[in-house]
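Q: Based on what follows, work out the 3D shape:
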Amino acid sequence: MASTSDAIILRGVTKRFRKRTIRREYSTLKSELVNFLLRRKQREVPTHYLDVLKGIDLTIPRGKTVGIIGRNGSGKSTLLKLINGIYPPTSGTIEVNGRISALLELGAGFHPDFSGRENITINGIILGMTRAQIRERTDEIIAFSELGDFIDEPVRTYSSGMYMRLAFAVATHVDPDILVIDEILAVGDEHFSKKSLAKMNEFKKSGRTIVLVTHALGTVESWCDLAVWLDGGRVRDMGDPRKVVEHYHRVITEEDAARAAEGAPSLPPAQPRSGPPAIPGRRSGTFRAELHSVTLTRKDGHAASTFTPEDGLRITLGFETFADSLGPAIFHAVIRRLDGTELWRSEVDSVTALPRRGELHVTIESLPITDGQYAVEVGMKSHDGEVFDLQNGLTTFTVAGGPGGSHGLIRMPFRWSTSGAPGELAQLDNVVPFRR
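A: Numbers count the residues shown, from 1 in each chain. Take a look at the predicted model:
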């Protein structure tokens, strides 16, 4: 491994693709030869180019996990391919310090006519491993992929899930210093997904560098050390994941709301389907899909408007789509205090295309928060960031009935006790702050 503290350094990197060259006359090999011999100058329409990346300056420290976010078409996948050496930059320099392994689009790096075992060998050689090193890891890769006898069948006979199992196993077992991932793809059933997540956490804790492109903003906030927002081929923001995600979410919500106001009919604010009356809130989106109901119940499904900490909370989202081929969607739910302080957030990816109508449930097993009123934000968006429906603060609920004497944001088990002093302690429910 190189001695530098930086794993990847990009300086002034641009990438330009040629869209097409349009000739004014149909050409064949014969006509080209004739034109050459006759020294005819064939007029051409100027070549059209597409600038996908524009002056990227980016340094990724060794051992950090970096999440790259942005709308589709912003250059995220192209950036990963440049880092991985699949594309050369049009201008600028890219320095990669260490062995790099990648999980890009389905099937990348595999020859369909070779068996899974043969593809393991090919990938190892490409990454600079010796045949002895490959042999040492082959059994471990096969065992992790759980492909069994299919490992000796041609890869073209694999399902997409089998493909991804093998790709994930190879990428994480060839001892890379840097792992590049274009979306955290579904790699099988729940058992294999959990095993893959454990492997990723192991990889992260070992001090390796991870560069991840994803639309799951919650993953970026909770799992990444650094976030990079690409917009139109340029770095628009970079830094603390939570701050970058908040900036990104705010901007795309405003942009989508403005676009919807120009070309789509506005819809009235959604009314809460349970709980106390809604506080003044906001609703925005393109409304090509809609959250037509937001229902709050206890975790056991019983209706309630006031919850104890032990009741837990189930949020049920009823959704409907109004356009064909919307593709998968990302749903999220947030709990905030009425002053806007965020207490909890979770996201889920539907992975497959949405049906016309459906319901989604998120169950919170307990509510370890202090007594008071809370607001719920819910939303759904596409993988490229199009906000279909965002409802902020339109549904509220109340928590009450917990043990007294606890104040602040969260409720933690506690006990006051005395030693060496007589008398009893009286717990106070109304606390007056000390004055200095």
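Q: can we go C-alpha only for contacts and neighbour counts from here?
A: Fine.
Q: I figured G285 hits D389, correct?
A: Yes: using C-alpha atoms under 8 Å, G285 is in contact with D389, at 4.6 Å.
Q: Just want to know which of those two has more residues nearby.
A: G285 (29 against 25; other C-alpha atoms under 10 Å).
Q: any idea how far M380 is from the more buried one?
A: Noted for G285: a distance of 9 Å to M380, by C-alpha to C-alpha, to the nearest Å.
Q: joint contacts of those two?
A: V387, F388, D389, L390 (C-alpha atoms under 8 Å, 6 or more residues apart in numbering).
Q: Can I get the residues you listed in a markdown table including distance to I369, pLDDT and secondary structure?
A: Output for the shared contacts of G285 and M380, formatted as a markdown table (distance: C-alpha to C-alpha, whole Å; pLDDT from 0 to 100; DSSP: H, G, I helix; E, B strand; the rest coil):
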| residue | distance to I369 | pLDDT | secondary structure |
| --- | --- | --- | --- |
| V387 | 29 | 84 | strand |
| F388 | 30 | 88 | strand |
| D389 | 27 | 88 | strand |
| L390 | 24 | 88 | strand |
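Q: which of the residues you listed has the most neighbours?
A: Counting by other C-alpha under 10 Å, V387 has the largest number of neighbours within the shared contacts of G285 and M380, with 27 neighbours.
Q: Tell me who's in contact with that residue.
A: Counted by C-alpha under 8 Å, 6+ apart, V387 has contacts I252, T253, D256, S284, G285, T286, F287, G379, M380, K381.
Q: pLDDT at the fourth one, what is it?
A: Confidence per residue is given as pLDDT, and for S284 that number is 77.
Q: quick one: it and Q391 touch, right?
A: Yes: the criterion here is C-alpha under 8 Å, and S284 meets it with Q391 at 6.9 Å.
Q: Can I take it that T172 is in a strand?
A: No: counting by DSSP: H, G, I helix; E, B strand; the rest coil, one finds T172 to be helix, located in no strand.
Q: For T121, see how far away it is.
A: For T172, the distance to T121 equals 14 Å [C-alpha to C-alpha].
Q: Now the most centrally placed residue in the chain. Its backbone dihedrals?
A: Nearest to the centroid of the C-alpha atoms of the chain, with distances taken as C-alpha atoms, centre = their mean, sits A216, at 2.3 Å. Backbone torsions for A216, taken as degrees, to the nearest 10, come to phi -80, psi 90.
Q: residues in contact with it?
A: The contact partners of A216, taken as C-alpha under 8 Å, 6+ apart, are I330, E347, V348, D349.
Q: switch to 6 Å and redo it
A: By C-alpha atoms under 6 Å, 6 or more residues apart in numbering, no residues touch A216.
Q: Show me where this structure has its helices.
A: Using DSSP state H, the helices of the chain run over 29-37, 76-83, 116-126, 131-145, 160-173, 190-205, 217-223, 241-263.
Q: if we can go back for a sec, so which of the shared contacts of G285 and M380 comes closest to M238?
A: Within the shared contacts of G285 and M380, the smallest distance to M238 is 22.0 Å, found for V387 (C-alpha to C-alpha).
Q: If that closest one is in a bridge, with which residues?
A: Counting by DSSP bridges, V387 is bridged to K381.
Q: Same check on D231?
A: Residues in beta-bridge contact with D231 (DSSP bridges): R234.
Q: tell me the pLDDT at it?
A: Note for D231: predicted pLDDT of 94.
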